[in-house]
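Predicted model and sequence below, questions to follow.
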Amino acid sequence: MKKVLIANRGEIAVRVIRACQELGIKTVAVHSTADRDSLHAKLADESICIGPGPSIKSYLRIPAIMSAIEVSGADAVHPGYGFLSENADFARICEAYKVTWIGPGPEQIHALGNKVEARALAEKCKVPLLPGSRGVVRSEGEAEKIAAEIGFPLIIKAAAGGGGRGMKVVNKKEELVRQFQLAQAEAEAGFGNPDVFIERYCARPRHIEIQIVADKHGNYVHLGERDCSIQRRHQKLIEEAPSPAVNEELRQKMGETALRLAKAVGYYSLGTAEFLMDEDGQFYFMEVNTRVQVEHTVTEEVTGIDLVKEQIRIAMGEKLSFDQKSIKMTGHAIECRINAEDPSTFAPWPGKITAYHEPGGPGVRVDGMIYSGYTVPSLYDSMIAKLITKGRDRDEALCRMRRALDEMKVDGIRTNIPFHAKVMHDPRFVKGDVNTKFLETFTL
């Protein structure tokens, strides 16, 4: 592998470029016209424009990216997260053109990418599941029949979805048909696939995920859990590792469960198995993400493993540089997603950054995409940086996050830094007493 094209933008593109630089690999950035002055385009060895601002005309255009690969002579592609990162067709095209895909193979992406098929696989592997439909629910009548069997509340989910789109909670029978139709419409609009499924709704769970790493030689390792319970509309805002609610016995049980799923499809590369966990510590399978996660940083901090470099080495055919016995979680790490948005309404707030000061000191890390004078475009996700702190324990990580948030300055636009600062002082969060409904009773 001599030259990697990063088929993405923003902080993850910057993160991959830095990993490649440390490995002595040349990089190619692709960018839209709206991202001409972006940091990832400036840091890469080469930069190629692939189309107008809207992602459908640039970052989601496979022919444009393949043309950039040919022009640049790149022999590998890193898809990052979002956009085409879990597109099995894109991975298959890269393989057909002898371009190394830095991720799992198209077969694994396909097997785990559809939530209905992944749920069926989980059932086959004896992974705990919430009661629900055993396949795609295609009609209102079928939805009503399943609802009568599992009861309310229930949740309707897009089979090909993610990020909260095509997801509807139904509390009573009278809401079912309307919410079913809305879920199908959102799934069609968001993913080009109207298929949905239904499962029992877990009212106040924690969102716990397990990091999987596997090579092409049959070696499988899990790197413990992340707690991603602080969410708004199913979008994660704060993550930490390890979870305050998971002990060593439960960690091993969840890790072994995640690896069972991975082995069932011959998985390799990075992957994340996501679960809901109730107050009794019982966990239920949600999905597997076949890519690097936004929150991979907290796992890196507590394990000391550079996951992006490991992902690249796996794609090159190397064996894992560690085994399960060597994995030890040391200390505690917290990540806050810094978004360009109004902290009280969460409305996006793009614009020009007139001044920027990045926090530092012991245990502070910033993975970002901004600089003074940069204009945050309005066309993409509002996340502009990830602020990560690590401490010897959770209390120290919290103290460092409070300090870092106070020190971080982004002038010219609004950000959600004040929101994060308030959460870091909230008594419930300080105690680790949180669930996915935390923000429903939180006020800035």
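Cool, got the structure. Only a predicted model underlies this, so the values are computations on that prediction, with no experimental measurement involved.

mind checking the SS state of residue 273?
Put simply, residue 273 is strand when judged by DSSP: H, G, I helix; E, B strand; the rest coil.

Distance-wise, check it relative to residue 120.
15 Å (Cβ to Cβ, to the nearest Å). No exception for glycine: its C-beta is placed from N, CA and C like everyone else's.

So between those two, which is more surrounded?
residue 273 (28 against 14; other Cβ atoms under 10 Å).

Please identify which helix or strand holds the closest residue to that one other than its chain neighbours.
Excluding the flanking residues, the one nearest residue 273 by Cβ to Cβ, 6 or more residues apart in numbering is residue 258, at 3.6 Å. Per DSSP states H and E: residue 258 is located in helix 248-264.

Equivalent analysis for residue 338, please.
Per DSSP H and E: strand 332-339 holds residue 338.

likewise residue 98?
Counting by DSSP H and E, no helix or strand carries residue 98.

Now do the same contact list for residue 391.
331, 332, 333, 363, 397, 398, 399, 400 (Cβ atoms under 8 Å, 6 or more residues apart in numbering).

what pairs with it across the strands?
Beta-bridge pairing for residue 391 (DSSP bridges): residue 332.

how close does it get to residue 262?
Per Cβ to Cβ, residue 391 is found 31 Å from residue 262.

Give me the secondary structure label for the residue most central in space within the chain.
What sits nearest the mean C-alpha location of the chain, by Cα atoms, centre = their mean, is residue 293, with 3.6 Å. Per three-state DSSP, the local secondary structure of residue 293 is coil.

got the contact list for the helix or strand harbouring residue 189?
Per DSSP H and E, residue 189 falls inside helix 176-191. Under the criterion Cβ under 8 Å, 6+ apart, residues 137, 140, 143-144, 147, 156-161, 165-170, 193-196 lie in contact with helix 176-191.

Surely residue 110 is within a helix?
Yes - the assignment for residue 110, made by three-state DSSP, places it in a helix.

so who does it touch?
Residue 110 neighbours (Cβ under 8 Å, 6+ apart): residue 88.

quick one: contacts for residue 98?
The contact partners of residue 98, taken as Cβ under 8 Å, 6+ apart, are residue 75.

Look up how far residue 325 lies from it.
In this view, residue 98 and residue 325 are 37 Å apart by Cβ to Cβ.

coming back round to it: which of the contacts of helix 176-191 are buried?
137, 143, 147, 156-161, 165-168, 170, 193-196 (16 or more other Cβ atoms under 10 Å).

okay, and for the protein, where does confidence drop off?
Scanning the chain for pLDDT under 70 picks out 163.

Looking at it, which strand is longest?
strand 220-232 (DSSP state E).

who does that strand touch, helix- and strand-wise?
Secondary-structure packing of strand 220-232 (3 or more Cβ pairs under 8 Å, 6 or more residues apart in numbering; DSSP states H and E): strand 206-214, strand 235-241, helix 248-264, helix 296-303.

want to try JSON lines for the ones you listed, with mean neighbour count as columns?
JSON lines is the format used below for the helices and strands packed on strand 220-232 (neighbours: other Cβ atoms under 10 Å):
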{"stretch": "strand 206-214", "mean neighbour count": "25"}
{"stretch": "strand 235-241", "mean neighbour count": "24"}
{"stretch": "helix 248-264", "mean neighbour count": "18"}
{"stretch": "helix 296-303", "mean neighbour count": "25"}
